[in-house]
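Q: quick one, structure for this:
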Amino acid sequence: MPDSYPAAPGFESESPINLPSNQPVAEFGSDLVAELIGRLGHDYIFLTPGSSFRGVHDSLVNHTRNHKPQIILVAHEEMAVAMAQGYCKATGRPAMCFLHDLVGVQHASMAFYNAMADRMPVVVLGGSGPADPSHRRKTDWVHTANSQCDIVRDVTKWTDEPATLQATLDSIARAQRIATSAPCSPTYVSVDAKIQEDAIPGGAALPDVALPRYRPAPPIAAPQEQVEAAVDVLTEADWPVVFGGRIGYREESTQPMIELVETVGAAYQDGHDTVCLPTRHPQNLNASFGRTRAEGEYRKMLLEKTDAVFCVDCLDVSNNIGAYEGARGAGVAVGEKAKKVVDLSLNDFAVEHWTNLGGPLPPVDVQLQADNLYGVNQVLESLRRRAEGSPAWVKRAAERREEIGKMHTALRERQREAMKAKWDNSPIYLPRMTAELYEAVKDKDWLLAARNNRAWYEGIWEFDRAGRFMSNSIGGGIGYGAAGVIGSALAGRDRGKFTVAIIGDGDFTMGPAALWTAAHYRIPILIVLHNNTSFGNDEEHQISLARRRERPVENAWIGQRMVGPEPDYCQVARGYGAFAEEAVRDPRDLKGAFRRAVEAVSGGAVALVDVHTGLN
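A: So this is what the prediction gives:
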């Protein structure tokens, strides 16, 4: 390294210097790989540096000039894939990562699982030591495997280890097509280091990605006879319920979902941590009371009342229909209550041979295997025809709407009263934290990148449409939080959104360096830390088990609480370049802390507010 090379150049931009005024002709295999990534439509590529893809890294900087794609530097490979997952959710588009071989890919395997569970089209490229042993450097032996794809084969939809440059280019284009064709899921392509660094061989050329063969497959439609069977169930039901799932990521689904529940005269609830229907819609009976017994009782009442359940692209149908609440199995739960279950999803196309993700085989009476929005529109078209010739059914649907509207009003009042009872609690009451935060951001064009279920009472945060909430890791991987929400915030920044997120302290502890990426690339986001100094979910499990075994609950905190000393998350955040004051411990200080943080984020900063809460 020359003596004149700056050890820490002052950061103004990451535009390469000392390059010719026009883009040079591609010379090396990695140059074509970099060009292809841009042609596939990627504005960004998330990566943690590694020697196994030094060729492509050079080409991204010195050939395609760090523009389309722009490198987003991330401190850990798991966080790189999590950012890509969050970006996919907020854009509805594929995202791309590049990982160092073997060690980097192993780091990222948890994030692959989350993205697979979330059905996100993350295209991952991995550098690989030369397949030809005669070309391996000393370190290449450590980073080379007979089948690198084996590490992630169980958490991807498709993998490949191409042996030539042309095969590599074709494979990358194919990987994106497969990832973006429903049901979406991550794909992985290993890119040989020698192929990257060698001169382009004669005849190698970029695939024409504009051709139909490289585009995602068209939406899958359900057979019409199944659509009619589903509509039979909905129109013959006395009291139907609709559950909304992954369709909630799509803003354009709002009106079709509203029309669906209004036409059917159905009660509505969100499925697994999604938001599909406006909070104030009179048929919205979401009943979160902050994970209390009252919430479970309300849900049980609703399930006992219904005789037909329509699940729209839900992750776990058995959970939606109450199969885990004391029943021996989903079949028993449904059979005894004479319910009919309609499942609109592509879940059967995404079944994995090794994980139980999605629960047991649900007792579905009518299966609509279709793209979520396309399938809803198919059902709506049939419902409109039925309504024209069925005045009695239309009248009954209207009566149900009125009944459900009264339930909605009573439910929201009950939730408000429950919140008032603990409003001034210390440690800070989670619903108050959420309410104060919403008041601080409600006039912004906000995007909620994550929320903590423990902090949630329905009706506090007013959703006006779908596509405003990006959910959690879905795969249950703790550590997704900080990185995933920053991926969503990158998309939010480019769309002019104010991105805000609530994550737990345990989740944040596993990946605080993600804040540096946000600060470095000027990705504004407000992160609120729900900090109970504990891995709270597991502490509750220890309490529950201790009571069952008649052992002291006073010991449940051991091995759970991060105390003695408590981490200073505000100091950590400031160390990574974020705005952070001191931890908020008094509920009366919430309003001012959130106001100042909102001002900082509105000015382009990354802000963290550490709120000390209880386990409530």
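Q: and stretch 143-155, how far out from the chain middle?
A: Relative to its parent chain, stretch 143-155 has a centroid offset of 25 Å by C-alpha atoms, centre = their mean, to the nearest Å.
Q: next one: phi and psi at Ser534?
A: phi -150, psi 160 (degrees, to the nearest 10).
Q: and the next helix or strand past the helix or strand of the chain with the lowest mean pLDDT?
A: Of all helical and strand segments in the chain, the minimum by mean pLDDT, DSSP states H and E falls on helix 330-337, at a mean of 52. Note on helix 330-337: by DSSP states H and E, the next helix or strand toward the C-terminus is strand 340-344.
Q: pull up the pairing partners for that next one, direction included.
A: In the sheet, strand 340-344 lines up against strand 308-312 (parallel), strand 366-368 (parallel) (DSSP bridges).
Q: quick one, which of those is nearest to Ala466?
A: Among these, the nearest to Ala466 by C-beta to C-beta is strand 308-312 (11.1 Å). C-beta coordinates here come from the backbone N, C-alpha and C atoms, glycine included.
Q: so Cys311 touches Lys340, yeah?
A: No - when contacts are counted by C-beta atoms under 8 Å, Cys311 is not listed as touching Lys340 (11.6 Å).
Q: looking at those two, which is more packed in?
A: Using other C-beta atoms under 10 Å, the more surrounded residue of Cys311 and Lys340 is Cys311, with 27 against 22.
Q: partners of the more buried one in the sheet?
A: Under DSSP bridges, the beta-bridge partners of Cys311 are Phe243, Asp343.
Q: mind checking pLDDT for it?
A: Cys311 is assigned a predicted lDDT (pLDDT) of 97.
Q: so which elements touch the host helix or strand of Val33?
A: If you go by DSSP H and E, Val33 is part of helix 29-39. Contact here means 3 or more C-beta pairs under 8 Å, 6 or more residues apart in numbering; DSSP states H and E; on that basis helix 29-39 packs against helix 54-62, helix 165-180, helix 193-197.
Q: average pLDDT across the very next helix or strand once past it?
A: Later in the chain than helix 29-39, the nearest helix or strand by DSSP H and E is strand 44-47. Averaged across strand 44-47, the pLDDT comes to 98.
Q: can you give the contact residues for strand 44-47?
A: With contact meaning C-beta atoms under 8 Å, 6 or more residues apart in numbering, strand 44-47 is reached by 37, 53, 57, 60, 69-74, 80-81, 83-84, 87, 95-99, 487, 490.
Q: PyMOL command to pick out the buried ones of those residues?
A: This is the PyMOL syntax for the buried subset of these, where burial follows 16 or more other C-beta atoms under 10 Å:
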select buried, resi 37+53+57+60+69+70+71+72+74+80+81+83+84+87+95+96+97+98+99+487+490
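Q: out of the contacts of strand 44-47, list just those in strands.
A: Using DSSP state E, the subset of the contacts of strand 44-47 located in strands is 70-73, 95-99.
Q: from the residues you listed, which is closest to Val124?
A: Cys97 (4.7 Å).
Q: quick check, the closest one in contact with Leu125.
A: Yes - counting by C-beta under 8 Å, Cys97 does reach Leu125; the two are 7.1 Å apart.
Q: which residues touch Arg585?
A: Going by C-beta under 8 Å, 6+ apart, Arg585 touches 426-428, 612.
Q: buried subset of these?
A: Buried residues within these, defined by neighbour count using 16+ other C-beta under 10 Å: 427-428, 612.
Q: reformat those residues as TSV; add distance to Ala267, pLDDT and secondary structure.
A: Below are the buried ones among the contacts of Arg585 laid out as TSV (distance: C-beta to C-beta, whole Å; pLDDT from 0 to 100; DSSP: H, G, I helix; E, B strand; the rest coil):
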residue	distance to Ala267	pLDDT	secondary structure
Pro427	35	91	coil
Ile428	33	93	strand
His612	37	94	strand
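Q: could those residues go into JSON lines alongside distance to Ser318?
A: Shown next, in JSON lines, are the buried ones among the contacts of Arg585 (distance: C-beta to C-beta, whole Å):
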{"residue": "Pro427", "distance to Ser318": "35"}
{"residue": "Ile428", "distance to Ser318": "35"}
{"residue": "His612", "distance to Ser318": "37"}
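Q: widest-spaced pair of the contacts of Arg585?
A: Ser426 and His612 (8.8 Å).
Q: tell me how many other residues surround the nearest residue to Arg177 once chain neighbours are set aside.
A: Distances taken as C-beta to C-beta, 6 or more residues apart in numbering put Tyr214 closest to Arg177, at 5.3 Å, once the chain neighbours are dropped. Counted with other C-beta under 10 Å, the neighbours of Tyr214 add up to 17.
Q: residue contacts, Tyr214?
A: 173-174, 176-177, 207-208.
Q: for the stretch 201-350 of the chain, which spans come out with low pLDDT?
A: Within the stretch 201-350 of the chain, the segments meeting pLDDT under 70 span 289-293, 325-337.
Q: that one: strands as residue ranges?
A: Along the stretch 201-350 of the chain, the stretches classed as strands by DSSP state E, counting those that start in this stretch are 240-244, 267-270, 308-312, 340-344.
Q: ok, Gly375 touching Leu344?
A: Yes - in this structure Gly375 lies within contact range of Leu344 using C-beta under 8 Å: 4.6 Å.
Q: between these two, tell me which one has more neighbours.
A: Leu344 (28 against 25).
Q: residues contacting the residue lying closest to Gly203 once chain neighbours are set aside?
A: Spatially, and ignoring its direct neighbours in sequence, Gly203 is nearest to Gln166 (7.3 Å; C-beta to C-beta, 6+ apart). By C-beta under 8 Å, 6+ apart, the contact set of Gln166 is 203-205.
Q: how about residues contacting stretch 247-264?
A: So stretch 247-264 is in contact with 89, 92, 234-235, 240, 242, 244, 266-268, 270, 274-278, 281, 283, 310, 312-313, 372-373, 376-377, 379-380, 383-384, 387, 397, 401, 465-471, going by C-beta under 8 Å, 6+ apart.
Q: check stretch 512-520 too.
A: 11, 72-76, 79, 83, 482-483, 486, 489, 523-525, 527, 569, 572-573, 576-578, 605-606, 608.
Q: for PyMOL, what selects the buried ones among those?
A: Selection of buried members from those for PyMOL, criterion 16+ other C-beta under 10 Å:
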select buried, resi 72+74+75+76+79+83+482+483+486+489+523+524+525+527+569+572+573+576+578+605+606+608
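Q: of the contacts of stretch 512-520, which belong to helices?
A: If you go by DSSP state H, the contacts of stretch 512-520 have 79, 83, 482-483, 486, 489, 569, 572-573 in helices.
Q: which two of those have the greatest separation?
A: Met83 and Tyr569, at 19.9 Å, using C-beta to C-beta across the ones in helices among the contacts of stretch 512-520.
Q: end-to-end on stretch 601-612?
A: Terminal residues of stretch 601-612 lie 21 Å apart, using C-alpha to C-alpha, to the nearest Å.
Q: likewise stretch 270-281?
A: 13 Å.
Q: what residues does it touch?
A: When contacts are defined by C-beta under 8 Å, 6+ apart, stretch 270-281 is touched by residues 243-249, 253-254, 257-258, 261, 268, 283-284, 286, 311-312, 314-316, 319-320, 408, 451, 453, 458-459, 461-466, 468-469, 471-472, 474.
Q: from the residues you listed, which land in helices?
A: Applying DSSP H to the contacts of stretch 270-281, the entries found in helices are 254, 257-258, 261, 319-320, 408.
Q: of those, closest to Thr48?
A: Nearest member of these to Thr48, counting by C-beta to C-beta, is Asn319, at 35.0 Å.
Q: so Met116 makes contact with Pro183?
A: No - when contacts are counted by C-beta under 8 Å, Met116 is not listed as touching Pro183 (9.8 Å).
Q: the helices and strands packed on helix 29-39: which one's closest to Val364?
A: That would be helix 165-180 among those, by C-beta to C-beta, at 26.7 Å.
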